[in-house]
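Chemist: give me a model of this one.
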Amino acid sequence: MKIHIHNLLNYGGDFEFELVPGINLVTGMNGAGKTNLSRIIGALVSHQPNPHGLSVAAAKSYLHDGKTEGFAVRFDDKGQQVRWVPPDRFVVPEGVNKLARPHTVNLMDFVAIASITDRKKRSEAYEALFLPNNPESLLRPAWEARNLPEGQLKTVLKLINDPAQGWGGAQKIYADHARQAKANWNDITGKRWGKQAAPKWKPENWVSELEGLSEDDVLTDLTNAQEALRAIGVKHAISEDRIAQAQDLKNKVIPAKQEELKVVAAKYKKEKATFDEMKQKREVTKKDFDDSYQAYQEAAQKIREQESIIEKAKSEDYPKCPCGKSFQVCNHSGKVQLKEIDVDESAKKSAIDAAAKKIEFLQKAKKAEEKEYQDCRERDDLASKYIQTQMKVVARLRDEGVALKAEIKTLEERAKDADKKPSDGNDLERSAAENERDVAERRRRAWVENDKATHYHEEVVAYTSIEELLRPTGVREQVIKPRMDKLRSVLFNINAITGWNPISITDDYNILSNDRPVQLASQHEKYQAQWAIQCAITILVPKTQFLILDCCDIVRGENWDGLVHLVNRVNLQRLKQIKKLKGEGKPYPEPLTIVMCATETEAPEFWNEIWLGEE
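Modeler: Residues are numbered from 1 along each chain as shown. Here you go, the predicted structure:
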């Protein structure tokens, strides 16, 4: 695996080196950048964007003097690149897991962790190494064994996977839930929480008939009682309302209608008188019309008679009497016998002219009569229209009067109940229904209180059970305790290999060096404890691919020999494990890559040496 560094820390330009499977010794003079290089390697192999928890200001210190940007790239055997870029942002490329927990062993200062006063925080460091990446595989068997809600499991997993919460945050949340559920139970029951109290607690209004009923059952009983009371109330209200309406009809509506009828009757009488007067006037008008029409007809008849005379005069001869007069005007017609008829033309003409003059006079009389006739006819038509209109007004008023009389009669029939009183039986019936309703309401309230108490009891039991599972002594201990026992066993063997002061970890996750707190040990003993724990965890977790040991030159002589024996044993054990699993045809881990940093230390045989400094 090759690592390329550009403008970081002590390396102003580009610096490239190769890490081989096995043991790599990084050497150089003081200040050459061995510790910085181990931190960069730790960042690259951890797959974490900010493995050392650097602030922006601290990250900028990784840049070489005068540089504004820099990066480190790791190239594995498959050509995959992992890039780390300080200071303003930390980049993890797509396709690379951000969290590979076994690699975090190179980032943990176990001696510093042992100095933390909070036991929970000390335990979390080892949990990060030994707990499975997916907490569901750890929680589900216990969840199903305790018959806990599936929805709560999803919530718990979400909280655990939240970096801001984790196992501790999830435990605190469910402890708060359990405390609130207890408070709710106390409020409902008026008692103090006890594990056996809730299932036995019953409200004061509890009756045996409520056992086994569902919420729908008690609500149905209450609804039926409410409906019965409502029906009686409606019935009672209808009776009272009918009497009130009858009184209102008698005292207000009917008198108002009677007054309205009087007004209509007065209008009818007035309009009827006007109608009769108009009829009388029309009779006079009609008589004038008939007289004018008769005069007109007579004038026309006279004109026709005169016209007949003219026609007759024109067609007949007028003989002349010997006396010199016409037979039409003399008296000799029957006494004288005329031998010859002499026509009297003047008499004929006079007769025609006289008839014509009379016709002329009659024509004028006819026109006058005709004009009078037309005037009379127009007056008669107008009178007829007025009469028709007035007739409609009279008919409408007559109909209104008839309708009002009928309405008053109907209202008087309805007002017969005005003097009645509500029945006393309604009050008794309503009182009985109210009692039934109150009983149903008390039963419902008792059932609801008991149901809530049972619900809160179940919540307390569930939340308490979940909180117990989330405790360090819960399901995590099922994994951590055997792992820690194995870790202590491996540390015991490491003590035998290295010859160092015995190193152990207590149940409270404190580190002891020669039975003393490691915080009181010397500097080289602290590093020995750190290395021993790193190597022990690497042995216990086969998928650990990298082991980085810094400041290895702090030990000399026998202690250095012990460290060499230790890393050789760790590397050899991994190789044997790979060989065995290959032979069995089983999946096997990757070879272990160990990086050790020491000042001007000669590399033992078969170690890959990386020199930092001038050749």
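Chemist: which elements pack onto the helix or strand containing residue 392?
Modeler: In this assignment (DSSP states H and E), residue 392 forms part of helix 345-414. Applying 3 or more C-beta pairs under 8 Å, 6 or more residues apart in numbering; DSSP states H and E, we find helix 345-414 packed against helix 254-315. The C-beta positions use only the backbone N, C-alpha and C, and glycine is treated the same way.
Chemist: quick one: mean pLDDT for the helix it packs on?
Modeler: Taken as a whole, helix 254-315 has an average pLDDT of 76.
Chemist: what does stretch 434-447 give?
Modeler: Average pLDDT, stretch 434-447: 74.
Chemist: then stretch 503-519?
Modeler: Stretch 503-519 comes out with an average pLDDT of 91.
Chemist: can you list contacts of that stretch?
Modeler: 110-111, 113-115, 119, 122-123, 125-126, 484, 487-488, 491-492, 494-495, 501-502, 521, 525-526, 528-529, 532-533 (C-beta atoms under 8 Å, 6 or more residues apart in numbering).
Chemist: distance of the residue nearest the centre of the chain from residue 136?
Modeler: Most central in the chain under C-alpha atoms, centre = their mean is residue 151, positioned 21.6 Å from the mean C-alpha point. Using C-beta to C-beta, to the nearest Å, one gets 14 Å for the distance from residue 151 to residue 136.
Chemist: leaving out the residues flanking it, which one is nearest to residue 3?
Modeler: Once flanking residues are discounted, residue 3 sits nearest to residue 74: 5.3 Å by C-beta to C-beta, 6 or more residues apart in numbering.
Chemist: next, give phi and psi for residue 27.
Modeler: Backbone torsions of residue 27, given as degrees, to the nearest 10, read phi -120, psi 170.
Chemist: count the residues that sit near it.
Modeler: Neighbourhood size, residue 27 [other C-beta atoms under 10 Å]: 21.
Chemist: which ones are touching it?
Modeler: 34, 597, 598, 599, 600, 601, 603, 609, 610, 611, 612.
Chemist: list the helices and strands the helix or strand encompassing the residue nearest to the centre of the chain packs on?
Modeler: Taking DSSP H and E as the definition, residue 151 sits inside helix 150-161. Applying 3+ C-beta pairs under 8 Å, 6+ apart, we find helix 150-161 packed against helix 136-145, helix 166-189, helix 424-470.
Chemist: go with 6 Å
Modeler: helix 166-189 (3 or more C-beta pairs under 6 Å, 6 or more residues apart in numbering; DSSP states H and E).
Chemist: only C-alpha atoms, please: export the helix it packs on in PDB.
Modeler: Listed next in PDB are the C-alpha coordinates belonging to helix 166-189 (Å, rounded to 0.1, in the frame of the first residue of the first chain):
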ATOM      1  CA  GLY A 166     -25.700   6.800  21.100                       C
ATOM      2  CA  TRP A 167     -26.400   4.100  23.700                       C
ATOM      3  CA  GLY A 168     -26.100   6.500  26.600                       C
ATOM      4  CA  GLY A 169     -28.400   9.100  25.000                       C
ATOM      5  CA  ALA A 170     -31.000   6.400  24.200                       C
ATOM      6  CA  GLN A 171     -30.800   5.100  27.800                       C
ATOM      7  CA  LYS A 172     -31.400   8.600  29.200                       C
ATOM      8  CA  ILE A 173     -34.400   9.200  26.900                       C
ATOM      9  CA  TYR A 174     -36.100   6.000  27.900                       C
ATOM     10  CA  ALA A 175     -35.400   6.600  31.600                       C
ATOM     11  CA  ASP A 176     -37.200   9.900  31.200                       C
ATOM     12  CA  HIS A 177     -40.100   8.100  29.400                       C
ATOM     13  CA  ALA A 178     -40.400   5.600  32.200                       C
ATOM     14  CA  ARG A 179     -40.300   8.400  34.800                       C
ATOM     15  CA  GLN A 180     -43.100  10.300  33.000                       C
ATOM     16  CA  ALA A 181     -45.200   7.200  32.600                       C
ATOM     17  CA  LYS A 182     -44.900   6.600  36.400                       C
ATOM     18  CA  ALA A 183     -46.000  10.200  37.000                       C
ATOM     19  CA  ASN A 184     -49.000   9.700  34.700                       C
ATOM     20  CA  TRP A 185     -49.900   6.600  36.600                       C
ATOM     21  CA  ASN A 186     -49.700   8.300  39.900                       C
ATOM     22  CA  ASP A 187     -51.900  11.200  38.600                       C
ATOM     23  CA  ILE A 188     -54.600   8.700  37.400                       C
ATOM     24  CA  THR A 189     -54.600   6.400  40.500                       C
END
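Chemist: got a list of contacts for that helix?
Modeler: The contact list for helix 166-189 (C-beta atoms under 6 Å, 6 or more residues apart in numbering) reads 120, 156, 159-160, 193, 201, 449, 452-453, 456, 459-460, 463-464, 466-467, 470-471.
Chemist: narrow these to those that are buried.
Modeler: When the contacts of helix 166-189 are checked for burial by 16 or more other C-beta atoms under 10 Å, the buried set is 156, 159-160, 193, 201, 449, 453, 456, 459-460, 463-464, 466-467, 470-471.
Chemist: for those, which one is nearest residue 1?
Modeler: For these, the residue nearest residue 1 by C-beta to C-beta is residue 160; the value is 32.7 Å.
Chemist: pull out the buried members of the contacts of residue 27.
Modeler: With burial judged by 16+ other C-beta under 10 Å, the buried subset of these is 34, 597, 598, 599, 601, 603, 610, 612.
Chemist: domains in this protein, by residue range?
Modeler: Taking automatic domain parsing as the reference, the chain has its domains at 2-145+473-612, 215-419.
Chemist: off-centre distance for the first one?
Modeler: So the one you mean is domain 2-145+473-612. In this view, domain 2-145+473-612 has its centroid 51 Å away from the chain centroid, taken as C-alpha atoms, centre = their mean, to the nearest Å.
Chemist: from one end of that domain to the other, what's the distance?
Modeler: Domain 2-145+473-612 stretches 15 Å from its first residue to its last (C-alpha to C-alpha, to the nearest Å).
Chemist: what's the average pLDDT for the helix holding residue 151?
Modeler: Helix 150-161 carries an average pLDDT of 90.
Chemist: lowest pLDDT pick from the buried ones among the contacts of residue 27?
Modeler: Out of the buried ones among the contacts of residue 27, that is residue 601, at 75.
Chemist: what about it, which SS state?
Modeler: When classified by DSSP: H, G, I helix; E, B strand; the rest coil, residue 601 comes out as coil.
Chemist: quick check: it touching residue 553?
Modeler: Yes. Under the criterion of C-beta atoms under 6 Å, residue 601 makes contact with residue 553 at 5.5 Å.
Chemist: ranking helices and strands of this structure by mean pLDDT, which lands last?
Modeler: Least confident element among the helices and strands of the chain, by mean pLDDT, DSSP states H and E: helix 197-200 (a mean of 57).
Chemist: per-residue pLDDT, residue 46?
Modeler: Note for residue 46: predicted pLDDT of 67.
Chemist: go on, residue 6?
Modeler: So residue 6 comes in at 79 (pLDDT).
Chemist: who's it bridged to?
Modeler: Beta-bridge partners recorded for residue 6 (DSSP bridges): residue 14, residue 71.
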